[in-house]
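Q: Let's see this in three dimensions:
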Amino acid sequence: MNGNWLLPEHFADVLPAEARRIEDLRRALLDLFRTCGFETVSPPLLEYIDPLLTGAGQDLNLKTFKLIDQLSGHTLGLRADMTPQITRIDAHLLNRPGVTRLCYCGPVLHARPSGLLASRELLQIGAEIFGHGGVEADLEIIRLAAQSLSVSGVEDYQLVLCHDGLVRTLIESDPQASARGDEIIALLRDKDLPGLSALGQGTQPLATKTVNALMALPRLYGDRSVIERARTTLPSLPGVTEALDTLSTVFDAHASLAISVDLADTGAYGYHSGVTFSFYAQGWHDALVRGGRYDNVSLAFGRARPATGFSMDLRRTAMGAGPAPQSLAILAPASTDQALADEIASLRAAGEIVVQLFPGEAAQHDEFVFDRELMHDGRQWVVSAVQTK
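A: Numbering: from 1, shown residues only. This is a model prediction of the structure:
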């Protein structure tokens, strides 16, 4: 360490122009969510570890910073994902009988980065629908995710659909596969065909039909025809048929978007229960938005609820909005004149940006362009255009 100004790896300061761009986008997205009927909640950054990991896989456990509470002696966690907290709020605190739409925005911390270019401090923003198990909720949440990217200035994005319930059905149809769920999911994510093939070997091999079905999933990628190919390629299990029917409905409802199906683009084993989705865009190395259905995860909080939602890293997404433009502002001179103070207060109340100089200060601000200034005309303080030399 060369100095006390250095930051840990995968952490970074956010400077004025970027911070303003992020804040403007945060307000725009929360306003969008509100117009769609979503209520904002704000859970704590730190809480007991067990609720933070409810329904999550080993990946989230490894990403969670853990520490000991000096008051209780219990293990606490710095949240690595806000979704479990929102689920707890819906199931345990609000406890409403019908549909609840909640949104949120706050920092999350990762003990391990997701990739070489990933930050360990994210600003997670998202929306969740609780209490409706029908495909209508999936359609609404995907539509809202697409609108969020458009508001963020991201163009030419592509929606990729999967169905974790389908994958789960295939795994749970084979007792040997059920015991190796996390391993299978990792192989599917990597589209590791040799690894999937090897599941049929060893001392506890998977059934041949299970291995064949799993090996077919990475190849089931592309346009709507993939769904029909899956009907003839995969086993005719009720869960598989239902999942493909749902994917057909979702695909057709978003036909105006660039959309494809990838039946190996699955999430953590045992967490998602239905349609899952990701949004990708040109120039981004990973998905900008991830979401999907996760029914009954809230049972751990005492109340099973159907649920679907999405989240995104606001800091990362804000990069797609382009450089933040400089704001026009009014420059006020150094003075203790009460009339000037009153005029400055009046202008600020009207939404104007007014920067008053200190004695001897020169106006140097990267954020603002001073196109006007307050001047005294002999009777009162007035706003005048800045005279260029």
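Q: all contacts plus neighbour counts: C-alpha atoms, from now on.
A: Noted.
Q: How is the nearest residue to Ser42 once chain neighbours are set aside assigned, secondary-structure-wise?
A: Leaving aside its chain neighbours, Ser42 sits nearest to Tyr104 (6.2 Å; criterion: CA to CA, 6 or more residues apart in numbering). Classification of Tyr104 using DSSP: H, G, I helix; E, B strand; the rest coil returns strand.
Q: With Pro205 instead?
A: Strictly by three-state DSSP, Pro205 counts as coil.
Q: what's the burial count for it?
A: Counted with other CA atoms under 10 Å, residues neighbouring Pro205 total 13.
Q: Next one: the residue nearest to Ser42 from Val41, what distance?
A: According to CA to CA, to the nearest Å, Tyr104 and Val41 sit 5 Å apart.
Q: cool, Ser278 as well?
A: 24 Å.
Q: which residues in the stretch 51-200 of the chain form strands?
A: Ranges of strands within the stretch 51-200 of the chain are 65-68, 75-78, 100-109, 121-130, 157-163, based on DSSP state E, counting those that start in this stretch.
Q: mind checking which of those is nearest Gln380?
A: strand 100-109 (45.1 Å; CA to CA).
Q: Just the residues contacting the closest one, thanks.
A: When contacts are defined by CA atoms under 8 Å, 6 or more residues apart in numbering, strand 100-109 is touched by residues 26, 30, 33, 37-42, 45, 63-65, 78-82, 86, 90, 120-131.
Q: per-residue confidence averaged over the longest helix seen in the chain?
A: If you go by DSSP state H, the chain has its longest helix at helix 16-35. The average pLDDT within helix 16-35 is 93.
Q: again, but for stretch 290-305
A: 89.
Q: Please pull out the lowest mean pLDDT helix or strand from the protein.
A: Across the helices and strands of the chain, mean pLDDT, DSSP states H and E gives its lowest value to helix 58-63, namely a mean of 81.
Q: Please state the offset of that helix from the chain centre?
A: In terms of CA atoms, centre = their mean, to the nearest Å, the centre of helix 58-63 is set 17 Å apart from its chain centre.
Q: Pull out the buried positions in it.
A: Applying a neighbour-count criterion of 16 or more other CA atoms under 10 Å, the buried positions in helix 58-63 are 60-61, 63.
Q: what are the ranges of the helices in this protein?
A: Ranges of helices in the chain, per DSSP H, are 16-35, 49-52, 58-63, 83-88, 135-151, 164-172, 175-178, 181-189, 193-197, 208-216, 225-233, 238-253, 314-318, 338-349.
Q: Mind listing the residues bridging to Val369?
A: Per DSSP bridges, the residues bridged to Val369 are Leu328.
Q: What about it, how many residues nearby?
A: By other CA under 10 Å, 16 other residues sit near Val369.
Q: swap in Leu94?
A: Under the criterion other CA under 10 Å, the count of neighbours that Leu94 has is 10.
Q: And the pLDDT at it?
A: Leu94 is given a pLDDT of 92.
Q: Which one's more surrounded, Ser278 and Val41?
A: Applying other CA under 10 Å to Ser278 and Val41 shows that Ser278 carries more neighbours, namely 22 against 13.
Q: Surely that one touches Gly309?
A: No. If you go by CA atoms under 8 Å, Ser278 and Gly309 don't touch, sitting 11.5 Å apart.
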